[in-house]
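Visitor: After the sequence you'll find the predicted model.
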Amino acid sequence: MPPKDRGKGKLPVPLPRDMILKDTEGKVWRLGSQIGQGGFGLIYLASPQTHVPVEDDAVHVIKVEYLENGPLFSELKFYQRAAKQEQIRKWMNLKKIRCLGIPVFWGSGLAEHKGKSYRFMVMERLGEDLQRIFEDCGSRFKKETVLQLGARMLDTLEYIHENEYVHGDIKAANLLLGYTNPHEVYLADYGLSYRYCPNGNHKQYQENPRKGHNGTIEFTSVDAHKGVAPSRRGDLEILGYCMLQWLCGKLPWEQNLKDPVAVQAAKTRLMDELPDSVMEWDSSGGSCRELSKFLACVYGLAYDEKPKYQVLKKILLDGLESSGIRYDGPLEFSTAACTRNHTAPKVPKVSQAVLGLFLTSPLFGSKTLAPELYNLQLVGKEVFE
């Protein structure tokens, strides 16, 4: 049963280290150190090896919220309905893709501590978020890296959308590298995910000013500014804004973020005046060509129309063709502006099921990681060969 008031929540009293939790399948988990917190939840390292303390290199995490809080419930429902591992494996085989950027869900359950009821979710562990890397790289990514990230997110969004959900809050803070293989990227934080097409029936377009401007103001779609329920085209529009920021360093409306109406007007102008608006925003003159085409295709979608994902993906892949870089190849963040070295020695191969760290935004904004995780260096060579 969903929480009675999903809009409100508070940070829970921490659970003690070494506490044993049992999920709904009867599997037990031991809590390790707390490695993050946000407005509504805490995140701990965890291990199914309950007879020994949890090590700092644990490959699982547990996210904990009070039972009455809403975001974790929404996230849990997404994973239970749309992200079963067998579903994902079949999809990857069908689409012939080597990685799908959805973190592995291991289980969930309820717990009691000092008279309080908690809900918890066990996830695989991921690494750094792209927002931190973006800032370390002088708030700009190479064009090839932007196109790689965009194409991979299209793979992920197509899967999510085919399973009746939209994400609704795509941004660099919610994109995390693999904990062991940092050349993989995962879309985390499904607390704002929305079932746009329950049982095959798409929600109707309806503007509701009382619900206007939902999401992260920099990236949220024009529909969301109008209070319209999230949709597939909204997710793709958000992705387009993310890519524009990564490539150009900023968005045209960033100086007005405290004024949602002004942001909405600026986004409307950008979309109405494509492709010139995007091309003119790019100071380098020409490197935004793929993004202007991408956003123009998104702009042409009806609210309930199924996007042509492969057409959109081809637009991005065409931009990679001349460089000889594969969209699923190694990611390069080492620009001249970087303040840290995003490379590290080779690590042992591990199974794909245990890669990564599930650290969700806002819980894992740029200031909440433990120092040892913040300083995590990236692997310079792919572990899957």
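Guide: Looks like it came in fine. Owing to the predicted nature of the structure, the values given are computational and were not obtained by experimental measurement.
Visitor: what packs against the longest helix seen in the chain?
Guide: For the chain, the longest helix by residue count, based on DSSP state H, is helix 143-162. Secondary-structure packing of helix 143-162 (3 or more CB pairs under 8 Å, 6 or more residues apart in numbering; DSSP states H and E): helix 85-95, strand 185-187, helix 232-248, helix 309-321. All C-beta spots, glycine's among them, are computed from the backbone N, C-alpha and C.
Visitor: TSV for the ones you listed, including distance to L154, mean pLDDT and mean neighbour count?
Guide: TSV is the format used below for these (distance: least, CB to CB, whole Å; pLDDT from 0 to 100; neighbours: other CB atoms under 10 Å):
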stretch	distance to L154	mean pLDDT	mean neighbour count
helix 85-95	11	96	13
strand 185-187	11	97	23
helix 232-248	7	97	24
helix 309-321	5	96	18
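Visitor: would you turn those into CSV with distance to E75?
Guide: Converted to CSV, these look like this (distance: least, CB to CB, whole Å):
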stretch, distance to E75
helix 85-95, 16
strand 185-187, 12
helix 232-248, 16
helix 309-321, 24
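Visitor: Let me know which of those is the nearest to W281.
Guide: Set against W281 and scored by CB to CB, the helices and strands packed on helix 143-162 come closest in helix 232-248, at 6.1 Å.
Visitor: what angle sits between that closest one and helix 309-321?
Guide: Here helix 232-248 runs at an angle of 10 degrees relative to helix 309-321 (axes from the mean of the first three to the mean of the last three CA atoms, to 10 degrees).
Visitor: Next secondary structure after helix 232-248?
Guide: Moving toward the C-terminus from helix 232-248, the next helix or strand (DSSP states H and E) is helix 260-272.
Visitor: Go through that next one and flag the buried ones.
Guide: 260, 263-264, 266-267, 270-271 (16 or more other CB atoms under 10 Å).
Visitor: Give me the residues contacting it.
Guide: Helix 260-272 is contacted by residues 212-213, 217-218, 221-222, 225-226, 237, 241, 252-253, 256-257, 277-278, 281, 295, 299 when judged by CB atoms under 8 Å, 6 or more residues apart in numbering.
Visitor: Show me the contact partners of the helix or strand hosting E112.
Guide: Taking DSSP H and E as the criterion, E112 maps to strand 105-113. The contact list for strand 105-113, computed with CB under 8 Å, 6+ apart, reads 13, 15-16, 19, 21-25, 27, 29, 60, 64, 67, 76, 79-80, 83-85, 117-124.
Visitor: how about a cut-off of 7 Å?
Guide: For strand 105-113, the external contacting residues (CB atoms under 7 Å, 6 or more residues apart in numbering) are 15, 21-25, 27, 60, 67, 76, 79, 83, 117-124.
Visitor: Around Y303, how many other residues sit close by?
Guide: When neighbours are counted by other CB atoms under 10 Å, Y303 registers 17.
Visitor: Against K96, how distant is V278?
Guide: Distance of V278 to K96, computed by CB to CB, to the nearest Å: 31 Å.
Visitor: higher neighbour count, these two?
Guide: Looking at V278 and K96 with other CB under 10 Å, you find the greater number of neighbours at V278, namely 25 against 6.
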